[in-house]
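>>> Would you be able to build a 3D model of this:
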Amino acid sequence: MAATDHHAPATTDGGFVRRIGQFQASAINMSQMVGIGPFITIPAMVLAFGGPQAVVGWIAGAVLALADGLIWAELGASLPGAGGSYIYLREAFQYRTGRLMPFLFTWTAMLFIPLIMSTGVAGFVQYLTYLWPSMTKGQGDLVGLAMCVAVVLLLWRRIESIGKLASMLWIVMIVSVASVIVAAFTHFHASDAFSYPPHAFALGTTKFWLGFASGLTIGIYDYLGYNTTAYMGAEIKNPGRVLPRSIIYAIFGVMGIYLLMQIGVLGVVSWKDMIDPNNPASQSVAAVVLQRAWGKGTANVITVLILVTAFTSVFAGLLGGSRVPYDAARDKVFFRQFGRLHPKHRFPTLSLLAMGVITAGAFYFSRHVGTSAKTPPLTVLITLLTTVMVIVQAFAQIAAVTVLRRRQPNLARPYKMWLYPLPSVVALVGWLTVYVFADKNNPGLHPIEWSLGWVALGVIAFLVWARREHTWPFGPKDIREDFLKVAEGLDDEPTGDGEPTA
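Residues are numbered from 1 along each chain as shown. You can find the predicted model right below:
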């Protein structure tokens, strides 16, 4: 018999409506995870490892995603509200530092999330050149900007309509990746897929571990999105059951897709061709596989589906990300205008528009300003902001799980992470590797120093805001414990470790 998620009413206090079920939630996560990422990063993964042993990177990325995903699963199931990390950091760290951590998260997310989405737009335009080789830079600009407008317009509707649309787009994503996988394995040559260079697995060499760290960074970038439904916790049906499963199902499903794609592609296209910048395989490897297997006409058709998949990723990312500043604004930790919902369709209007505009601006910047010699390209900016997110989100959430278990032991936890605290330790080691390697991968740019500087600037902004609001450290701490107050009124006990409520 299904346990009722009593602390998750059909209509939440924030005005959202719980309409997203299990299939739709899993589809939203998977759509955001896949996108254009693997189609453009498979060659990058091969380059990082220097051969077909690149499959190790996808496995390592999945391990980190799963460890981190279990953290998101426990936090999301017990604190199912709009905003994801914002709520988790607010509830965990309010006892010592007031609203500092949720402020820093919102401060960073307003840039980080649109910048990640802009890579999907850039990937869309890059892959479109396979179908439109004569496309000029100006035409590419218009295509990318039009894509941003189209995503915002499609999100300008009721959440139940979005759930249905997400499910349809998920089907297109599955068809596109399945087509590449089938094409690859129907023309598969094991001698190419498993032709390793000398010392490919020399674990005692610095070269291997540098390649591993680079591959882990690429891998976790491609897995990002497994947490999208956590930002939509106030719109998920029975979140104590649905939200953890949507994360876990998505990670295992996408891991299978990535491994099959990487191995299959290596069996059709030589890994040496993938790392040759003058070879088409380095830019559009999936299209090359399809063309060799089934001809140019079929490759064109599937490339259209890949473009739809890229569009789907941006759609899902802005869907979840636009909920982040909304909850912060309602808590008066961000500009109050961001706390307004559409009067009829109940979605955060200004937040969606702002993130859409920043995504378009980042895309345009990467194509014009970011390619100059004096300004780092968008990929470097993302690296800088990723290092910030590791501090403000990844490290902080690892701590938040333990803090909440101690500070709020009576909080209803429909899901508790498996083998606690092992996943937290694995996630900490993985994120530390990504963080430290960012400096080695971008010599002379000092991403760690920039990330620490950004956080310091956010702390200054917080102090200015806190003084105006007369809150900690210039006033009393506002201890909320909203979810704990609801949990203490329940008769049901948490279901225990390991398995979502069934």
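
>>> Mind listing what's buried along stretch 324-339?
Buried residues in stretch 324-339, defined by neighbour count with 16 or more other Cβ atoms under 10 Å: 324, 325, 326, 327, 328, 329, 330, 331, 333, 334, 338, 339. Backbone N, C-alpha and C define where each C-beta goes, glycine included.

>>> and what of stretch 336-351?
338, 339, 341, 346, 347, 348, 349, 350, 351.

>>> again, but for stretch 20-36
Quick answer for stretch 20-36 (16+ other Cβ under 10 Å): 20-22, 24-36.

>>> among those residues, which one has the lowest pLDDT?
In terms of pLDDT, the weakest of these is residue 35, which scores 74.

>>> Can you get me a residue count around the closest residue to it other than its chain neighbours?
Excluding its sequence neighbours, the residue lying closest to residue 35 (Cβ to Cβ, 6 or more residues apart in numbering) is residue 313, at 2.4 Å. Residue 313 has 29 neighbours, counted by other Cβ atoms under 10 Å.

>>> which residues of the stretch 151-300 of the chain score low on pLDDT?
The model of the stretch 151-300 of the chain has pLDDT under 70 over residues 158-163, 166.

>>> Test my guess that residue 74 contacts residue 418.
No: counting by Cβ atoms under 8 Å, residue 74 does not reach residue 418; the two are 9.7 Å apart.

>>> Which one of these two is surrounded by more residues?
Taking neighbours as other Cβ under 10 Å, residue 74 and residue 418 compare with residue 74 leading, 28 against 16.

>>> Can you name the residues that contact the more buried one?
Residues in contact with residue 74 (Cβ atoms under 8 Å, 6 or more residues apart in numbering) are 244, 401, 413, 415, 416, 417.

>>> State the distance from it to residue 248.
11 Å (Cβ to Cβ, to the nearest Å).

>>> quick revisit: mind putting the buried residues of stretch 336-351 into CSV with distance to residue 164?
Listed next are the buried residues of stretch 336-351 as CSV, based on distance: Cβ to Cβ, whole Å:
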residue, distance to residue 164
338, 27
339, 27
341, 20
346, 16
347, 15
348, 20
349, 21
350, 25
351, 22
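
>>> Tell me who's in contact with residue 64.
216, 219, 220, 223, 426, 427, 430, 431, 434.

>>> tell me which element the residue nearest to the last one when sequence neighbours are not counted is part of?
Going back to what we said before, that points to residue 434. Spatial nearest neighbour of residue 434, excluding adjacent residues (Cβ to Cβ, 6+ apart): residue 217 at 5.2 Å. For residue 217, the host element (DSSP states H and E) is helix 206-223.

>>> which is the next helix or strand following that helix?
helix 239-266.

>>> which of the residues in whichever helix or strand comes after that following helix are buried?
Per DSSP H and E, helix 239-266 leads on to helix 271-274 as the next helix or strand towards the C-terminus. The neighbour-count check on helix 271-274 (16+ other Cβ under 10 Å) flags 271, 273, 274 as buried.

>>> Closest to residue 296 out of these?
Using Cβ to Cβ, residue 273 comes nearest to residue 296 of the buried residues of helix 271-274, at 18.0 Å.

>>> Residue 279 is in contact with that closest one, correct?
Yes: in terms of Cβ under 8 Å, residue 273 counts as a neighbour of residue 279; the distance is 4.6 Å.

>>> List the buried residues of the host helix or strand of residue 354.
Assigned by DSSP H and E, residue 354 falls within helix 349-368. Within helix 349-368, the residues that qualify as buried are 349-352, 354-356, 358-360, 362-367, counting by 16+ other Cβ under 10 Å.

>>> how much distance is there from stretch 471-489 to the middle of the chain?
In terms of Cα atoms, centre = their mean, to the nearest Å, the centre of stretch 471-489 is set 29 Å apart from its chain centre.

>>> List the buried residues of that stretch.
Buried, per 16+ other Cβ under 10 Å, within stretch 471-489: 471, 472, 483, 484, 487.

>>> ok, residue 392 - contacts?
Applying Cβ under 8 Å, 6+ apart, the residues near residue 392 are 101, 104, 105, 108, 455.

>>> just checking, what packs against the helix or strand where residue 185 lies?
Using DSSP H and E, residue 185 sits in helix 159-186. The contact analysis (3 or more Cβ pairs under 8 Å, 6 or more residues apart in numbering; DSSP states H and E) places helix 159-186 against helix 22-34, helix 137-155, helix 239-266, helix 285-294, helix 296-321.

>>> sorry, back to before: from the buried residues of stretch 471-489, pick the one nearest residue 40.
Among the buried residues of stretch 471-489, and counting by Cβ to Cβ, the member closest to residue 40 is residue 483, at 39.6 Å.

>>> How many residues are close by the closest residue in space to that closest one that isn't next to it in sequence?
In this structure, residue 483 finds its nearest non-sequential neighbour in residue 79, 5.2 Å apart by Cβ to Cβ, 6+ apart. Applying other Cβ under 10 Å, we find 27 residues neighbouring residue 79.

>>> Which of the contacts of residue 392 fall in helices?
Those of the contacts of residue 392 mapping onto helices are 101, 104, 105, 108, 455, per DSSP state H.

>>> Can you give me the neighbour number for the second one?
The criterion is other Cβ under 10 Å. On that basis, residue 104 has 24 neighbouring residues.

>>> so it touches residue 455, yeah?
Yes: Residue 104 lies in contact with residue 455 (Cβ under 8 Å); the separation is 6.5 Å.

>>> Next, the angle from the helix holding residue 354 to helix 296-321.
Helix 349-368 and helix 296-321 are oriented at 130 degrees to each other (axes from the mean of the first three to the mean of the last three Cα atoms, to 10 degrees).

>>> outside of helix 349-368, which residues touch it?
So helix 349-368 is contacted by 110-111, 113-115, 117-118, 121-122, 137, 140-141, 144-145, 148-149, 151-152, 155-156, 314, 318, 321-326, 329, 337-338, 340-342, 377-378, 381 (Cβ under 8 Å, 6+ apart).

>>> do stretch 181-194 as well
Residues contacting stretch 181-194 (Cβ under 8 Å, 6+ apart): 52, 257, 260-261, 263-271, 289-290, 292-294, 302.

>>> How far does that stretch sit from its chain's centre?
With Cα atoms, centre = their mean, you get 29 Å for stretch 181-194.

>>> end to end, how far does that stretch reach?
17 Å (Cα to Cα, to the nearest Å).

>>> Flag every buried residue along that stretch.
181, 183, 184, 185, 188, 192, 193.

>>> and the two most separated of the residues you listed?
Every pair of the buried residues of stretch 181-194 checked by Cβ to Cβ; the farthest is 181 and 192, at 16.0 Å.

>>> so who does residue 274 touch?
Residues near residue 274 by Cβ under 8 Å, 6+ apart: 42, 43, 46, 47, 265, 281, 282, 285.

>>> I meant to write residue 75 there.
By Cβ under 8 Å, 6+ apart, the contact set of residue 75 is 88, 230, 397, 400, 401, 404.

>>> List just the nearest of the buried residues of stretch 181-194 to residue 133.
For these, the nearest to residue 133 is residue 183 (21.1 Å; Cβ to Cβ).

>>> Which parts of the stretch 1-150 of the chain are helices?
22-34, 37-49, 55-78, 85-97, 100-128, 137-155 (DSSP state H, counting those that start in this stretch).

>>> how about those helices in TSV, adding distance to residue 169?
Shown next, in TSV, are these (distance: least, Cβ to Cβ, whole Å):
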stretch	distance to residue 169
helix 22-34	6
helix 37-49	15
helix 55-78	21
helix 85-97	25
helix 100-128	13
helix 137-155	10
